[in-house]
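Enquirer: prediction below, plus the sequence it came from.
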Amino acid sequence: MSFDINNEDNEPQPFIRQESQPKRRGTQPASRTSGGGLGCALVGIVFVLVAVLIGIALLLPPFSLGERLFSPPYTQLNQQNTSTSVGGLTVALDPANAESGFGVRLKVISYEVFSGQTAPEPEDVTWITAARGALPQSLTPLSPIYLIEKQGTIPGAVLTIAVPQGAEVTLIDLYRYDLQTSRWQFVASHPSDDNKTLIANVKALPDRLAVFLPSRLVPVIGVAVDVGQDLKRDAAALANTIYPAGLQPAASGALQGVLPAGIEIGHSYGVVPVIRNFATPAAVDVATVTMLLQNSGLRAIHIERLVDFASSKTYQGLAIDYRRLPPEQRDNFTDFITTLAQKLHNANLTLTVVVPFPTQDGSNFNTGAYDWRSIGATADSVQIVFPLDPQALADKGLVSNVLQWAAGEVNRARLQAAISVLSVQETDGSFTSVSAGDALAPLGRVVVKPNTPIQPENPVEVGLTGYAAQFLPLDSSNTPGIKYFNPDGTLVGTMWLTTGAAISKRLERVATYNLAGVVALDLASPGAPNDAVNTLSGYKVNQPAVQPSALSLKWMVMSNGTLVSESTAIPGTPFIIKPKKESVVNAEVVGAQSTLGPVTINVLAPAAVPTQAAPPATLPATASP
């Protein structure tokens with residue numbers, strides 16, 4: 001049998017009949033009709049199958065012909081048409097970057113559909129089921145789910161989402177659902193000036209987007225411990241995490257220094273060593289860290305040494321506290337944190353990054369070398385160091401503004417406030433941490449004039465030996481203050497007392513924005529106030545705030561263990577008493593729970609009063625002889 005190579009069906013061809021061969025009786029020539037029909041049928045089937053397959057391919061991505069024919073068309077965004085909106089969501093391009101050929105199609109998925117109360121459209125069933133299953137229980141949807149489809153490459157966009165009616169704008173967040181990872185992820189956004197919308201500047205359009213209300217977080221407490229400090233038992237019982245400090249980076253990328261003693265692993269708290277570029281805040285080593293960041297080789301070595309150290313014991317992770325870095329190191333520091341976070345996460349360890357308090361830059365905030373948004377996207381925790389200036393902690397002060405802004409840059413569940421519990425000395429606009437005893441020391445001690453002993457009920461003047469002082473009225477930060485003056489009336493300085501009420505007010509600021517918690521920087525210091533642990537414990541279990549008390553000076557006189565008299569006066573006003581017998585005088589600084597005495601006043605015993613001699617007895621008259 002032979003085949004005709006030009007026959008596309010490879011249909012068998014009949015033999016060529018030779019004339020010399022006679023026909024056989026009873027035989028018929030081979031028929032082409034039956035074979036040709038079968039071939040044509042096969043060809044038709046093949047063509048049908050190919051057509052079906054092509055049709056299916058056209059209906060599936062990336063062609064999606066059916067969707068293109070029967071779904072709403074994409075809105076083309078360009079320099080003439082820069083935005084499109086639907087159901088409270090607006091997608092807008094920067095006209096300078098709006099390129100032709102980019103299209104957006106928006107769709108609103110109601111809460112009833114997303115929650116399963118109403119059946120979704122067939123094309124939405126799969127992703128809605130996955131997104132609903134991936135939604136954390138801590139997030140409550142407040143808006144519809146916005147579906148964003150796009151054509152072309154977008155250089156970035158501005159998303160504006162209406163704030164749901166009745167929602168508190170400082171407590172709501174944007175989240176996007178990533179189809180690739182099947183996870184909900186935080187989207188940085190900030191309220192508009194009128195608080196009616198949330199505005200998000202994004203580099204890439206999210207696939208799905210919605211407004212959520214995070215549930216109230218149970219605050220976590222961290223306690224920082226420096227070398228030479230002791231972790232007290234009550235502080236250890238309070239802490240969720242202990243942050244021992246004492247290690248610094250060396251020029252080689254290795255670590256140098258020692259951690260404080262007494263920090264044990266395996267207790268109720270996690271241990272996260274802090275790597276800092278300073279031993280004391282007054283001497284920050286900027287040069288070493290800058291060199292490590294600039295040199296990619298040294299930076300890689302430094303990261304490996306950090307991971308090796310974190311893996312050497314059963315630590316929970318590491319904390320990085322590199323201060324005063326030059327702004328031009330912003331990209332290098334971001335790359336350093338991103339790589340370090342990846343390697344620590346691969347080792348099942350966490351990363352905490354301490355960021356300095358930002359500076360005000362008009363209506364915005366300048367974070368210098370620290371890209372909060374990028375750091376917050378990779379680190380497990382971001383600690384904001386609060387300023388020492390109490391005025392920044394007043395109502396509607398700088399701290400409140402920064403915390404509201406920070407909750408829009410970083411997931412609030414990752415934000416912590418690092419606060420000092422020590423008092424503060426202010427001199428010529430600079431602020432230094434001091435103990436409560438040092439803050440009150442310029443008042444002096446109780447002294448008596450004149451020197452004792454004295455005669456009973458003689459007047460005695462009681463006063464203080466220190467500087468002339470003025471107690472300041474309380475402001476909304478609840479931080480008592482004392483101004484000290486030289487004899488000529490010039491100001492020496494101001495002391496701000498960090499009392500339990502002052503600490504409570506700072507914790508209230510953190511709770512207002514539903515942040516993850518706080519880190520007490522000086523709780524292990526000998527100068528920490530006695531009521532600091534109790535105040536932090538109350539915050540942890542949501543107890544009422546400690547009520548503030550203005551400073552005042554109260555004089556008390558005791559005699560034989562009994563209160564004889566007391567009087568409240570302003571500093572510098574003499575206290576006059578007339579003791580009848582030995583007495584003890586003390587001065588209490590009300591609002592600071594501190595005393596400046598006591599002093600004993602010795603009183604002479606009453607002098608003996610001479611008695612008159614009795615007149616001679618009169619003899620009875622006798623009879624004359």
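Expert: Cool, the structure landed.
Enquirer: now do the SS call for residue 287.
Expert: With DSSP: H, G, I helix; E, B strand; the rest coil as the basis, residue 287 sits in helix.
Enquirer: and what of residue 605?
Expert: Quick answer, by three-state DSSP: residue 605 is coil.
Enquirer: pLDDT value on it, please?
Expert: On the pLDDT scale, residue 605 is placed at 83.
Enquirer: next, the contact list for residue 115, please.
Expert: 132, 141 (C-beta atoms under 8 Å, 6 or more residues apart in numbering). Bear in mind the C-beta positions are built from the backbone N, C-alpha and C, glycine included.
Enquirer: was I right to think residue 539 contacts residue 511?
Expert: Yes. If you go by C-beta atoms under 8 Å, residue 539 and residue 511 touch, sitting 7.3 Å apart.
Enquirer: so what sits against both of the two?
Expert: residue 219.
Enquirer: between the two, which has more neighbouring residues?
Expert: Legend: neighbour count by other C-beta atoms under 10 Å for residue 539 and residue 511, higher for residue 539 (22 against 17).
Enquirer: looking at this, that one is in a strand?
Expert: No. Counting by three-state DSSP, residue 539 falls outside a strand, being helix.
Enquirer: where along the chain do the helices fall?
Expert: Ranges of helices in the chain, per DSSP state H, are 32-59, 65-70, 111-115, 125-134, 233-238, 286-294, 296-311, 330-346, 372-378, 398-409, 436-440, 500-512, 532-540.
Enquirer: near residue 217, how many other residues are there?
Expert: Around residue 217 there are 15 residues (other C-beta under 10 Å).
Enquirer: and it, how far from residue 419?
Expert: 17 Å (C-beta to C-beta, to the nearest Å).
Enquirer: and residue 195, by the same measure?
Expert: On the measure of C-beta to C-beta, residue 195 and residue 419 end up 28 Å apart.
Enquirer: more neighbours: these two, which one.
Expert: More neighbours surround residue 419 than the other of residue 195 and residue 419, with 26 against 12 (other C-beta under 10 Å).
Enquirer: next, format the helices of the chain as CSV and append distance to residue 570 and mean pLDDT.
Expert: CSV is the format used below for the helices of the chain (distance: least, C-beta to C-beta, whole Å; pLDDT from 0 to 100):
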stretch, distance to residue 570, mean pLDDT
helix 32-59, 87, 63
helix 65-70, 80, 51
helix 111-115, 61, 95
helix 125-134, 63, 96
helix 233-238, 36, 93
helix 286-294, 46, 98
helix 296-311, 55, 98
helix 330-346, 51, 98
helix 372-378, 46, 97
helix 398-409, 31, 96
helix 436-440, 15, 94
helix 500-512, 21, 94
helix 532-540, 28, 94
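Enquirer: so for residue 252, which of those helices sits nearest?
Expert: helix 296-311 (7.3 Å; C-beta to C-beta).
Enquirer: against which helices or strands is that closest one packed?
Expert: Packing partners of helix 296-311 (3 or more C-beta pairs under 8 Å, 6 or more residues apart in numbering; DSSP states H and E): strand 255-257, helix 286-294, strand 317-321, helix 330-346.
Enquirer: possible to save the ones you listed as JSON lines with distance to residue 362 and mean neighbour count?
Expert: Shown next, in JSON lines, are those (distance: least, C-beta to C-beta, whole Å; neighbours: other C-beta atoms under 10 Å):
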{"stretch": "strand 255-257", "distance to residue 362": "40", "mean neighbour count": "14"}
{"stretch": "helix 286-294", "distance to residue 362": "27", "mean neighbour count": "18"}
{"stretch": "strand 317-321", "distance to residue 362": "28", "mean neighbour count": "23"}
{"stretch": "helix 330-346", "distance to residue 362": "19", "mean neighbour count": "18"}
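Enquirer: mind putting these into TSV with distance to residue 584?
Expert: Putting those into TSV (distance: least, C-beta to C-beta, whole Å) gives the following:
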stretch	distance to residue 584
strand 255-257	49
helix 286-294	54
strand 317-321	48
helix 330-346	60
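Enquirer: quick one: which of the ones you listed is nearest residue 562?
Expert: Evaluated over the helices and strands packed on helix 296-311, closeness to residue 562 peaks at strand 317-321, with 54.1 Å, by C-beta to C-beta.
Enquirer: packing partners for the closest one?
Expert: strand 274-276, helix 296-311, helix 330-346, strand 350-355.
Enquirer: tabulate those in CSV, adding columns for distance to residue 573.
Expert: Listed next are the helices and strands packed on strand 317-321 as CSV, based on distance: least, C-beta to C-beta, whole Å:
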stretch, distance to residue 573
strand 274-276, 47
helix 296-311, 59
helix 330-346, 55
strand 350-355, 46
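Enquirer: out of the ones you listed, nearest to residue 552?
Expert: That would be strand 350-355 among those, by C-beta to C-beta, at 38.1 Å.
Enquirer: send the alpha carbons of the closest one over as PDB?
Expert: Listed next in PDB are the C-alpha coordinates belonging to strand 350-355 (Å, rounded to 0.1, in the frame of the first residue of the first chain):
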ATOM      1  CA  THR A 350      11.400  38.100  65.600                       C
ATOM      2  CA  LEU A 351      12.800  41.600  64.900                       C
ATOM      3  CA  THR A 352      12.000  44.700  66.900                       C
ATOM      4  CA  VAL A 353      13.200  48.100  65.600                       C
ATOM      5  CA  VAL A 354      13.400  51.200  67.800                       C
ATOM      6  CA  VAL A 355      12.800  54.500  65.900                       C
END
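Enquirer: and that strand, how far from the chain's centre?
Expert: 10 Å (C-alpha atoms, centre = their mean, to the nearest Å).
Enquirer: tell me the strands beside it, with direction?
Expert: Applying DSSP bridges, strand 350-355 is found paired with strand 317-321 (parallel), strand 381-385 (parallel).
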